[in-house]
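> Build me a model from this:
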Amino acid sequence: MNKNKQKVNAAIVIIGNEILSGRTQDVNVVAISKWLNELGVKLEEVRVIPDIEVSIIKTVRELKKFFKYVFTTGGIGPTHDDITAKSIAKAFHLSYGYHKEAYAILEKYYGKKNFTPGRKKMAMMPIKASLILNPSSGAPGFIVDNVYCLPGVPSILESMLGGLKNKIKGGKKILTETISAQTIESEIAKALEKIQHKFNKVEIGSYPFFRLGKIGVSIVIRSDDKKKIDDCYKKIVSFLKMRKINMVGKK
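Residues are numbered from 1 along each chain as shown. Down below sits the predicted model:
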């Protein structure tokens with residue numbers, strides 16, 4: 001089978017009590033998913049779990065079997081509740097301790113005098129892991145098998161994604177088109193269902209919105225085949241025009 005036709009999928013595990021409590025709003029899923037789309041990798045599942053070792057181990061062991069790539073975010077910092085690295089080591093039955101290369105990077109970054117025990121903790125991980133270099137704050141992420149462990153701080157995470165580009169082998173780039181229409185979902189549901197059956201290789205989603213005092217629906221079309229997207233787009237536009245539903249452009 002042509003590699004470009006193979007399905008390449010991914011899952012994200014968001015680790016952190018602060019996400020579950022509502023104190024912190026996650027934005028990393030958006031950054032990772034957009035980046036994966038460019039690489040031709042389809043994000044198919046996202047889980048949010050607490051900073052509990054057994055939960056991390058169980059989730060990672062399960063997802064790594066079903067997805068080509070698994071990304072974790074959070075829990076690799078210097079504090080007592082940053083337990084992701086140790087949990088990943090246990091999930092893969094690997095030795096956990098100071099990673100020689102990570103230790104050297106952090107010691108150089110902070111200087112020996114300022115290389116405190118808390119900062120040294122960020123060099124503790126599965127000792128045979130490959131590193132994900134961090135151009136923003138020094139502390140590296142790491143890779144074990146098909147699991148990629150990244151920090152939870154959005155700006156730092158985004159700065160590290162570029163260094164992973166050559167490590168991710170995706171398929172065809174996933175393309176997206178959006179049609180925004182002044183209607184409600186119930187008015188177009190059956191028509192969209194019929195179009196979806198006809199274009200079964202295209203993913204069609206409808207999402208209601210309310211902006212500038214107007215109610216509407218954004219119809220999002222996704223596929224790695226531009227011709228199928230174009231044909232599906234024309235079919236939806238034709239239906240909306242036939243029903244005299246006003247379109248407010250695409251984004």
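
> Domain map for the chain?
Per the record, the chain has its domains at 3-167, 175-242, by automatic domain parsing.

> tell me the secondary structure for S155?
Assigned state for S155: helix (three-state reduction, DSSP: H, G, I helix; E, B strand; the rest coil).

> Please determine how far it is located from I221.
Distance from S155 to I221, counting by C-beta to C-beta, to the nearest Å: 31 Å. From N, CA and C alone the C-beta is placed, and that goes for glycine too.

> More neighbours: which of those two?
Between S155 and I221, I221 has the larger neighbour count (other C-beta atoms under 10 Å), namely 23 against 11.

> Report the spatially closest residue to that one, excluding sequence-adjacent ones.
Leaving aside its chain neighbours, I221 sits nearest to E177 (4.6 Å; criterion: C-beta to C-beta, 6 or more residues apart in numbering).

> one step back: show me which of the domains of the chain has the highest average neighbour count.
Ranked by mean neighbour count, the domains of the chain are led by domain 3-167 with a mean of 17 (mean count of other C-beta atoms under 10 Å).

> circling back: can you confirm the residue nearest to I221 is in a strand?
Yes. The assignment for E177 (three-state DSSP) places it in a strand.

> what's the helix or strand for the residue nearest to T24 when sequence neighbours are not counted?
Take T24 and drop its neighbours on the chain: the residue closest to it by C-beta to C-beta, 6+ apart is E18, 4.2 Å away. Assigned by DSSP states H and E, E18 falls within helix 17-20.

> So which elements touch that helix?
Counting contacts by 3 or more C-beta pairs under 8 Å, 6 or more residues apart in numbering; DSSP states H and E, helix 17-20 is packed against strand 42-49.

> how far does the strand it packs on sit from the chain's center?
7 Å (C-alpha atoms, centre = their mean, to the nearest Å).

> so what strands line up beside it?
Strands that pair with strand 42-49, judged by DSSP bridges, come out as strand 9-15 (parallel).

> Below-threshold pLDDT in the chain: ranges please.
The chain contains residues with pLDDT under 70 at 1-6, 249-251.

> Which parts of it are strands?
9-15, 42-49, 69-73, 96-98, 124-126, 130-132, 141-144, 147-150, 175-181, 203-211, 214-223 (DSSP state E).

> helices or strands up against the fourth one?
Using 3+ C-beta pairs under 8 Å, 6+ apart as the contact test, the elements touching strand 96-98 are helix 84-91, strand 124-126.

> how about these, which one is nearest N134?
The closest of these to N134 is strand 124-126. By C-beta to C-beta, the value is 12.9 Å.

> who touches the closest one?
76, 85-86, 88-89, 92, 94-99, 102, 142, 144, 149 (C-beta atoms under 8 Å, 6 or more residues apart in numbering).

> Return the member of those residues nearest to K173.
C149 (25.5 Å).
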